[in-house]
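Asker: Predicted model and sequence follow; I will ask about them next.
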Amino acid sequence: MVSTIQNTDVKQKDADRAVVVAVTSRAVFESAADDGGDVYGVGVAFPLLQALHKVNERLLEESSAESLLFDVILITTDDQQQQQSSRITSSTRHYGLEVSRFCFSSQEDFTESLLKNNVQLFLTIDRDEVLRASQNGVLSALLDQQLASCPSEQLRVMISGDAVIKPDTDPMPPGQKGAQSFSTQLGQMRQKFGIFNSPLSIVLVTLHGGRESCGDALRTLRSRGVSVDEAHCLAGAPRGPILSVLRPHFLLSDGVSYLQE
Amino acid sequence: MSLNNGQTLTSGQDSTRNGSNSNRAPWEGVRAGLKPSTPTRKPESPKPENAITIAVSSRVLFSMEKEQQIFERQGMEDYIKYQVEHETQPLSPGPAFSFVKALEAVNTQLRELYPESEELFDVVLMTNNHANVGLRLINTINHHQLFIERFCMTGGNSPIGYLKAYHTNLYLSADPIKVREALEEGIAAATMFSQEKMTEVSETQLRVAFDGDAVLFSDESERIYKAHGRDKFFEHEKAHENKPLDHVQYTHTVTGPLKCFLEALGKLQKKFYDKGQRTDCPIRTYLVTARSAASSGTRALKTLRSWGLEINEALFLAGAPKGPVLEKIRPHIFFDDHMFHVEGAAELGTVACHVPYGIAQTVSKKGIKDRETSPAPK
């Protein structure tokens, strides 16, 4: 059973233009310490939501009629949390989070909820959920608990250069299409800001490949209108130390993304 | 002198005529992992913890004076526009270029002798540049056939975190502020400058020259010299002849910022010595110091010995200018904490870089202060 509740505190986004990002409520709220109160504590994805909100704010500053905005929906797949749906909505309101909709479903049919809501990016702390969402064709990324401990105010999106497929590859793997359109939209958003002081930073990282892979990725992204801010080429160096400096909020790969393997 | 002629190898079983990776066992292609196989297989980059990592900024590796001017006069947007427009035009070599080439030459020779080892130089391009400039830098690396597979284009963010993540052994940059920051974090670093004259250097033997005080050694002696003058300095040196030029601060020993880099070079040198290559070792180190052999030189040599470090040649100039001596040595790079010596060396064509460490760095401030307080002649 899938149900959707609109958040009346928040202005609904343009369904045609907005970039729908679904985040699990388990990632946003800390439900471990259940003191039975009205409001949850903040979870791993809390800073991410704030960063997404900041991007929207700045986009609207540039143009008050802007419709290319992030449309954040909270998806509850947890049966336990489902019973506390009012606590989720009241927590959201308490923190003033810019969440436009709440989706409640069971573990079995949450992917249905993603598809119904035209989700372009699904973020969760659960590996299985990432896999299942990707298998159903929804671009999905795992939120990393370690990296979330040192969050950045600026939304930092990491694109894996190893997975950027050249335009003429045929046929395109299913997960790719979602990744490509999302990164293109991200590129469009990035263009609205100048070089400095942008609320959004696009970081290209080539984990395995060397400079050739990185060069290819840069060219391919450029052809899609995606202007990258930072480029890092690791050529097989251990990713942990570099990632903790980069502090990305999530990594876009080819549909199945893991920040740390 | 080239290893391929086979004339200098004593034990021939490790050598191959064409220096290719034919020493690798058949299964090593599998270990290459995700790397696509190419006809001439590029060797893999070593793990940062095993390698001697040299991080260079784009402005010292390549000559970017024109571009720098555009950035300073017209701003970032125009600078990036210019770079993108000239993307396919490779940049010319900068002051660190021949040093990097020499590092690669040493790597080639190390790989021939120790095909399995990851104890090699790893050059990382560490630049503040925006990724838009990336393609021009990549194209330039390709054009000059440099082996640089790792880079960080930080888009304006500080490189310090990345330097640490790569276990950087030496950082070279044109920006003195970043160099100081690196030194404060315990990373050997030096500021490089564009030079009009750069004399030809060896393509097969890496030569690195160091000043002594405040570069290899702590700046203890310099402090005494500045505070109490020459005579006191000599007295002190004689009295402490057997005490190494380092000092204990809290729980650790303070040495010069480049001591560890000399140590790393020594480690690689030993690998050549173990294969019988002593007199013609592809790495050669020099100490070029204002100390004099008769008096203060002893302490310098004893210090090196106490640290277990070797230096191939020690030149005690007793205060004479360093330029002419360096011109003869022709090192790929020379490190000094005094700008006076750096400039002197550069004038005669030696690539010299400044280590902004120790008491010598406050001299210029004092100089300016004196000028301000004394009546200005009109």
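Answerer: Yes, it's here. Residues are numbered from 1 along each chain as shown, chains lettered A, B, ... in the order given.

Asker: I'd like the distance between the residue nearest to residue A:225 when sequence neighbours are not counted and chain B.
Answerer: Distances taken as C-beta to C-beta, 6 or more residues apart in numbering or on different chains put residue A:187 closest to residue A:225, at 4.8 Å, once the chain neighbours are dropped. Every residue, glycine included, has its C-beta placed from N, CA and C. Computed with C-beta to the nearest C-beta, to the nearest Å, the distance linking residue A:187 and chain B is 12 Å.

Asker: If you count contacts, what does the helix or strand residue A:187 falls within end up packed against?
Answerer: Assigned by DSSP states H and E, residue A:187 belongs to helix A:174-191. Helix A:174-191 is packed against strand A:19-24, strand A:200-206, strand A:250-252, with contacts defined by 3 or more C-beta pairs under 8 Å, 6 or more residues apart in numbering or on different chains; DSSP states H and E.

Asker: Surely residue A:122 and residue A:132 touch.
Answerer: No - in terms of C-beta atoms under 8 Å, residue A:122 does not count as a neighbour of residue A:132; the distance is 9.7 Å.

Asker: Those two: which is more packed in?
Answerer: Each of residue A:122 and residue A:132 has its neighbours counted (other C-beta atoms under 10 Å in any protein chain shown); residue A:122 has more, 28 against 20.

Asker: how about the helices of the stretch 251-378 of chain B, start to end?
Answerer: Assigned by DSSP state H, counting those that start in this stretch, the stretch 251-378 of chain B shows helices spanning B:259-274, B:297-306, B:323-329, B:339-347, B:363-373.

Asker: One more: the stretch 101-250 of chain B?
Answerer: So, for the stretch 101-250 of chain B - with DSSP H, counting those that start in this stretch - the helices run B:134-143, B:160-165, B:176-184, B:220-228, B:230-239.

Asker: wait, which of the helices of the stretch 251-378 of chain B is closest to chain A?
Answerer: helix B:259-274 (18.0 Å; C-beta to the nearest C-beta).

Asker: Need the contact partners of the closest one.
Answerer: B:52, B:106, B:109-110, B:113-114, B:117, B:119, B:169-170, B:188, B:208, B:210, B:216-217, B:278, B:281-283, B:285, B:307, B:309-311 (C-beta atoms under 8 Å, 6 or more residues apart in numbering or on different chains).

Asker: quick one: which of these sit in strands?
Answerer: Judged by DSSP state E, those include B:52, B:169-170, B:208, B:210, B:283, B:285 as members of strands.

Asker: May I ask which two of these are separated the most?
Answerer: Using C-beta to C-beta, the ones in strands among the contacts of helix B:259-274 span at most 15.7 Å, a distance reached by B:52 and B:210.

Asker: Mean pLDDT and distance to residue A:39 for the helices of the stretch 251-378 of chain B - can I get that in a markdown table?
Answerer: Converted to a markdown table, those look like this (pLDDT from 0 to 100; distance: least, C-beta to C-beta, whole Å):
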| stretch | mean pLDDT | distance to residue A:39 |
| --- | --- | --- |
| helix B:259-274 | 95 | 52 |
| helix B:297-306 | 87 | 64 |
| helix B:323-329 | 96 | 69 |
| helix B:339-347 | 95 | 60 |
| helix B:363-373 | 40 | 55 |
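
Asker: I'd like these written out as a markdown table, with mean neighbour count added.
Answerer: Listed next are those as a markdown table, based on neighbours: other C-beta atoms under 10 Å in any protein chain shown:
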| stretch | mean neighbour count |
| --- | --- |
| helix B:259-274 | 18 |
| helix B:297-306 | 18 |
| helix B:323-329 | 16 |
| helix B:339-347 | 20 |
| helix B:363-373 | 10 |
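
Asker: Select, out of those helices, the one closest to residue A:20.
Answerer: Per C-beta to C-beta, nearest to residue A:20 of these: helix B:259-274, 51.8 Å.

Asker: Using PDB, write down the CA coordinates of that closest one.
Answerer: Coordinates of each C-alpha in helix B:259-274 appear next as PDB, following Å, rounded to 0.1, in the frame of the first residue of the first chain:
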ATOM      1  CA  LYS B 259      65.500  16.400   5.700                       C
ATOM      2  CA  CYS B 260      62.900  13.800   5.100                       C
ATOM      3  CA  PHE B 261      63.100  14.300   1.400                       C
ATOM      4  CA  LEU B 262      66.900  13.800   1.400                       C
ATOM      5  CA  GLU B 263      66.200  10.700   3.400                       C
ATOM      6  CA  ALA B 264      63.800   9.400   0.800                       C
ATOM      7  CA  LEU B 265      66.400  10.100  -2.000                       C
ATOM      8  CA  GLY B 266      68.900   8.200   0.100                       C
ATOM      9  CA  LYS B 267      66.600   5.200   0.300                       C
ATOM     10  CA  LEU B 268      66.400   5.100  -3.500                       C
ATOM     11  CA  GLN B 269      70.100   5.600  -3.900                       C
ATOM     12  CA  LYS B 270      70.700   2.600  -1.800                       C
ATOM     13  CA  LYS B 271      68.600   0.500  -4.100                       C
ATOM     14  CA  PHE B 272      71.000   1.500  -6.900                       C
ATOM     15  CA  TYR B 273      74.100   0.800  -4.700                       C
ATOM     16  CA  ASP B 274      72.700  -2.600  -3.900                       C
END
